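K.L.:
heads up, no residue letters with this:
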């Protein structure tokens with residue numbers, strides 16, 4: 001991953017309540033961005049007006065003609081960057097909910113869905129999402145869940161040697177707080193999940209990815225660059 005310095009196009013960032021900062025947990029460097037869904041305009045982005053994936057933070061910012069206070073990759077995708085799981089953007093469903101297990105991290109059930117609706121951001125375990133059918137104006141499915149109702153995913157192993165740069169999101173039960181986290185050092189699922197549960201004290205948390213983990217945080221003069229992404233979540237002005 002290459003970290004590029006962010007060149008600001010103006011003297012001040014757009015007004016937003018996003019708070020990004022670096023921290024460490026058990027020797028692992030983490031960067032987190034706290035978002036207030038009621039105050040910040042949190043949106044999902046995948047395709048531009050021509051039906052082409054945005055792919056990069058810079059491409060999205062150029063299309064929106066604005067500096068973006070925060071952005072992160074937001075879900076797993078296929079080679080053509082189409083989402084692997086459920087994806088809804090501005091009320092339009094691009095991909096249905098996937099409820100079956102399968103290979104890879106996405107299929108390590110339970111997985112989950114981030115739902116944006118009415119000034120709230122909530123992570124749902126997929127079966128609960130299907131049962132409750134919340135009205136989401138935007139949603140993205142990924143997996144596995146990291147924290148489910150305050151408990152770690154049952155298949156996480158404390159001593160796992162599966163270490164990657166990882167990113168994900170945790171939310172409160174009522175959706176008034178969303179915290180997006182990326183590890184700056186390789187970390188296993190158990191440690192990453194405990195950061196959401198024990199440090200951030202969030203009852204629900206969802207894994208986004210480990211092969212493609214990117215953060216755009218101008219507050220920290222950071223905008224990660226690399227292979228093109230699929231779904232992107234961003235705070236816009």
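P.N.:
That came through fine. As the structure is a prediction and not an experimental result, all values here were calculated from the model.

K.L.:
Give me the neighbour count for the residue nearest to residue 40 when sequence neighbours are not counted.
P.N.:
Among residues not flanking residue 40 along the chain, residue 235 sits closest, at 4.6 Å (CB to CB, 6 or more residues apart in numbering). For glycine as for every other residue, the C-beta is placed from the backbone atoms N, C-alpha and C. Using other CB atoms under 10 Å, the number of residues around residue 235 comes to 24.

K.L.:
Pull up the gap between residue 235 and residue 173, please.
P.N.:
Between residue 235 and residue 173 the distance is 22 Å, computed by CB to CB, to the nearest Å.

K.L.:
again, but for residue 186
P.N.:
On the measure of CB to CB, residue 186 and residue 173 end up 30 Å apart.

K.L.:
can you tell me the helix or strand for the nearest residue in space to residue 19 that is not next to it in sequence?
P.N.:
What sits nearest to residue 19 in space, not counting adjacent residues and going by CB to CB, 6+ apart, is residue 34, at 4.6 Å. Assessed by DSSP states H and E, residue 34 sits inside strand 28-35.

K.L.:
hmm, who's touching that strand?
P.N.:
For strand 28-35, contacts defined as CB atoms under 8 Å, 6 or more residues apart in numbering pick out 17-24, 42, 70, 72, 121, 177-185, 187, 191, 195, 200, 215, 217, 220, 222, 235.

K.L.:
Who are the contact partners of residue 19?
P.N.:
Residue 19 neighbours (CB under 8 Å, 6+ apart): 33, 34, 219.

K.L.:
With respect to residue 169, which of these is nearest?
P.N.:
residue 33 (9.6 Å; CB to CB).

K.L.:
The closest one bridge partners, please.
P.N.:
Note on residue 33: beta-bridge partners by DSSP bridges are residue 20, residue 180.

K.L.:
circling back: list the buried ones in the strand holding residue 34?
P.N.:
Residues of strand 28-35 classed as buried: 28, 30, 31, 32, 33, 34, 35 (neighbour count, 16 or more other CB atoms under 10 Å).
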